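Engineer: sequence first, then the predicted structure, then my questions.
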Amino acid sequence: MSRLTTLTLTSHRGRDYPVELFSPDTAFTQTGAVYLYLKLPEGRSRQVQVFYVGETEALEAQLAEDRRPGGAWERAEALGFDAIGGLALARPEDRAMIAAEFIHSWHPPCNDGHGALAGLAGLAAPAPFRMKRAMVGK
């Protein structure tokens, strides 16, 4: 379990959001957050793939719910997700607004997104780290 880094994701409205990235085996607390299941960029890529966006008032409980058969975790895992992104937010109205903005920006496939570019989020610069595939996920 570990915090990996912070990426700044820019929505379709041009708003920048600092999203903390964690490995999938991280134990979370019951904090309010917008969360994402995503695949980290490889090498010097300028794109991260967002598979699912959710919002919750209790992240630990929501991730347990997502792990149920047929849940968002299983669907994102089948697509190759290797990190959880989190943006801690206390106010429910902020979480709902930002989650909707993220979904509208990237059309994540596990949120019923469609199209060849579903889930792709551009980065302002190459990721500030290089990740070997063997370091993350299974």
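Structural biologist: Great, that's in hand.
Engineer: and the longest strand along the chain, what does it pack onto?
Structural biologist: In the chain, taking DSSP state E as the definition, the longest strand is strand 47-56. Other helices and strands packing on strand 47-56, by 3 or more CB pairs under 8 Å, 6 or more residues apart in numbering; DSSP states H and E, are strand 33-39, helix 59-66, helix 72-79, helix 92-106, strand 120-122. No exception for glycine: its C-beta is placed from N, CA and C like everyone else's.
Engineer: looking at those, which is buried most?
Structural biologist: strand 33-39 (a mean of 26; mean count of other CB atoms under 10 Å).
Engineer: quick one: low-confidence ranges for this protein?
Structural biologist: Applying pLDDT under 70 to the chain flags the ranges 1, 45-46, 113-138.
Engineer: would you mind naming the residues that bridge with the most centrally placed residue in the chain?
Structural biologist: Central residue of the chain (CA atoms, centre = their mean): residue 36, 2.2 Å from the mean position. Assessed by DSSP bridges, residue 36 has beta-bridge partners residue 53, residue 85.
Engineer: hang on, isn't it packed against residue 85?
Structural biologist: Yes - assessed by CB atoms under 8 Å, residue 36 is found in contact with residue 85 at 3.8 Å.
Engineer: joint contacts of the two?
Structural biologist: Here residue 36 and residue 85 have 19, 50 as joint contacts, going by CB atoms under 8 Å, 6 or more residues apart in numbering.
Engineer: now residue 23. Nearest residue, chain neighbours left out?
Structural biologist: The shortest distance from residue 23 to any non-neighbouring residue, by CB to CB, 6 or more residues apart in numbering, is to residue 2 (5.2 Å).
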